[in-house]
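A predicted structure for the sequence below; I have some questions about it.
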Number of protein chains: 2
Amino acid sequence: MAVSFTITYKDESTGARLGLLYTPHGTVETPVFMPVGTQATVKTMTPEEVRDIGGRMILSNTYHLYLRPGHELIREAGGLHRFMHWDGPILTDSGGFQVFSLGPLRKVSEEGVAFRSHIDGSEHFFSPEKAMEVQMALGSDIAMAFDECAPYPCSREYALAATERTTRWARRCRTAHDREDQGLFGIVQGGTFKDLRERSARELVELDFPGYAIGGLSVGEPKQLMYEVLDYTVPLLPEEKPRYLMGVGSPDCLVEGVLRGIDMFDCVLPTRIARNGTALTRQGRLVVRNAEYARDFSPLEPDCDCYACRNYTRAYIRHLIKANEILGIRLTTIHNLYFIMKLMEEIRAAVRQGRMLQFRDDFLRKYQGD
Amino acid sequence: MAVSFTITYKDESTGARLGLLYTPHGTVETPVFMPVGTQATVKTMTPEEVRDIGGRMILSNTYHLYLRPGHELIREAGGLHRFMHWDGPILTDSGGFQVFSLGPLRKVSEEGVAFRSHIDGSEHFFSPEKAMEVQMALGSDIAMAFDECAPYPCSREYALAATERTTRWARRCRTAHDREDQGLFGIVQGGTFKDLRERSARELVELDFPGYAIGGLSVGEPKQLMYEVLDYTVPLLPEEKPRYLMGVGSPDCLVEGVLRGIDMFDCVLPTRIARNGTALTRQGRLVVRNAEYARDFSPLEPDCDCYACRNYTRAYIRHLIKANEILGIRLTTIHNLYFIMKLMEEIRAAVRQGRMLQFRDDFLRKYQGD
């Protein structure tokens, strides 16, 4: 089996657990946060820098790579790892979330989704089979099933149809997928409807995927509602398989997700807000481009050991960002990803030491505003 | 004396020479090329990366730093070196070239130049005294005198006035400059008029600067004309002082400049064309963003040892640049500066071995199109 999972520790008082995720490109400690490399690059960073800040596994986007430079080109290059010079594990999403987000540019049928490229308006068609073909060409370690992600809020009727279709499409993905050095994960949908989540989980678990994602969350619903959905959805998943909460990565949600038994996360948040001139700190977000930091000669976060904090001041980083200098967003990106990686490390230590609830309280007391 | 110079080798058959330039932040082998860090950053790079590709001394722009973030802020930060985390030598220009380039946004008088900021339109005034004040606040190792750079082409009358003013302003700079850990270089003007170059050189040499720049070249004149001006201007400068050809840095001009006795160069060309998707190679420029490289899985330059060429293909770099990914221009920038630094290293070796004329011929036979 291409991808497998071992639980190394279970916290008795919460749902949290530690594990090892085995992939063709190496083993990763969980819970893990995957930096996002949408277009075959974690924005602004080299792979060595991603590794230096603690990145062990990344996510890349099938929709984007299919459109540009094209999955066949990446196959010719020797696969995504070689193309982008990253030799660690890669998870690719299925493209489903992106094509459903295209709104008026797409048309859904049972067969799949017809859509127009956001780049040049050209016409394309994604089906479960196509999503498998593309991901097999990319050669990621973990591929995701092609699903229909319902928006929030949405009617029960809509969510039901999306849930049923997600199961039918998951079966087609299972049939179409035949790359042996790649694991295929299923995605549980069902919106914020408990019975639909139960149904989706039951049907997908029958298909026996080596791992399961919880999709359709972090799409605009209140955080408390997301936690509630997790509370009843996670227990529906097989305990021995890895659980992946898609698109989630704000610091407070990482803490809450781990407490509920999530093993894998990805999110553009730390890198996206970095490019916006915002740094993550233990006290919450710091908008370093604000005028108040013009003459602040302290680092982004005083106790941080990242490259940016060891060598540069808020005043300098603010100057770079105001002057549109690339080094500015390189530094905030390094800091933010380091912050998240360090947080995951501390979370794993807290789980191991049975003090995850205390960690959550301590962390959230200081961290505000997300 | 803050800055001094020793000639370590003189080529008998050409004007080329090797030297050591001593500055408060270290000693640099000459001939040297200085990467440009206009806004207190060599665009896209960290200081460690600049050093890794062989950068030993950089140039930064007084005009830009005066406007943003302001020289007083940089002084408060502990000076430019500390502000930008670069501990090697820095040369700052005087701002003269930039304010004269502002065209309708500036007004020249004997006292100085009134101009409007290209950023926000605010009004400012630069004089020789102001240029010294700003550069002393920045704390660069080498400051440049505030000069008037005549455009090309220009009338003899205009060039004469600019030459005379440059001398008067050089005297005022000499008087105003009193930072002991900073060397002040004079700038020879005179356009493409031999007698004006002679006059400018004579008057500036009387002021006994520790180094001399040749200004007013590489402003649009044909290369042959620039070489001609160098042929008669360089011998007018004191042999024992470093000679700096401002704004010059295309590979062929570096070779020709060294042959004529130039010790220092700076130019935005390698970094600017990099951001445009163009790589320097021994065969000339390679526009890696062109469609012909879409499936080219060879490095930018096959025999190059730079980080970009060791790890990435033309196809990948092209993809990044087409997709507006920052890593793309980081890689072309690294390659181009490495190319120039390696070229300077080879030039120094060729001078040392007395085969500089042969090197020029070999290099120019392959290198075309600049």
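Sure thing, it's come through.

got a pLDDT number for the residue lying closest to A:K342 once chain neighbours are set aside?
Closest residue to A:K342 apart from its sequence neighbours, by C-beta to C-beta, 6 or more residues apart in numbering or on different chains: A:G54 at 6.9 Å. Bear in mind the C-beta positions are built from the backbone N, C-alpha and C, glycine included. For A:G54, the pLDDT comes out at 98.

quick one: A:G54 and A:Q353, what's the gap?
From A:G54 across to A:Q353, the span is 19 Å (C-beta to C-beta, to the nearest Å).

these two: which is more packed in?
A:G54 (17 against 12; other C-beta atoms under 10 Å in any protein chain shown).

so who does that one touch?
A:337-338, A:341-342, A:344-345 (C-beta atoms under 8 Å, 6 or more residues apart in numbering or on different chains).

and with 7 Å instead?
For A:G54, the contacting residues are A:338, A:341-342, A:345, by C-beta atoms under 7 Å, 6 or more residues apart in numbering or on different chains.

then A:G215?
Per C-beta under 7 Å, 6+ apart, neighbours of A:G215: A:147, A:149, A:187-189, A:246.

residues near A:D178, how many?
Count around A:D178 with other C-beta under 10 Å applied: 10.

same check, this time on A:L320
26.

quick check: closest non-adjacent residue to it.
A:G328 (3.0 Å).

got the contact list for that neighbour?
A:317, A:320-321 are the contacts of A:G328 under C-beta under 7 Å, 6+ apart.

can you tell me the SS state at it?
helix (DSSP: H, G, I helix; E, B strand; the rest coil).

need the pLDDT of it.
Predicted confidence (pLDDT) for A:G328: 98.

same check, this time on A:G369
For A:G369, the pLDDT comes out at 60.

how close does A:L67 get to chain B?
Distance from A:L67 to chain B, counting by C-beta to the nearest C-beta, to the nearest Å: 10 Å.

residues contacting that residue?
A:117, A:119.

that one and A:I119, how far apart?
Taking C-beta to C-beta, one finds A:L67 at 6 Å from A:I119.

and A:R352, by the same measure?
According to C-beta to C-beta, A:R352 and A:I119 sit 45 Å apart.

and these two? which has more neighbours close in?
Using other C-beta under 10 Å as the criterion, A:R352 and A:I119 rank with A:R352 on top: 14 against 11.

what helices and strands are in contact with the helix or strand harbouring A:F5?
In this assignment (DSSP states H and E), A:F5 forms part of strand A:4-10. On a contact count with 3 or more C-beta pairs under 7 Å, 6 or more residues apart in numbering or on different chains; DSSP states H and E, strand A:4-10 meets strand A:17-23.

the strand it packs on - which strands sit beside it in the sheet, and in what orientation?
Strand A:17-23 pairs in its sheet with strand A:4-10 (antiparallel), strand A:26-30 (antiparallel), by DSSP bridges.

mind listing what's buried in it?
Buried residues in strand A:17-23, counting neighbours by 16 or more other C-beta atoms under 10 Å in any protein chain shown, are found at A:17-19, A:21-23.

could you dump that strand to CSV, C-alpha only?
C-alpha atoms of strand A:17-23 as CSV (Å, rounded to 0.1, in the frame of the first residue of the first chain):
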residue,chain,number,x,y,z
ARG,A,17,-3.6,11.5,18.8
LEU,A,18,-0.1,11.3,17.4
GLY,A,19,0.8,9.3,14.4
LEU,A,20,3.2,8.5,11.6
LEU,A,21,2.0,8.9,8.0
TYR,A,22,4.1,6.7,5.6
THR,A,23,4.3,7.8,2.0
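
now it: average pLDDT?
According to the model, strand A:17-23 has a mean pLDDT of 98.
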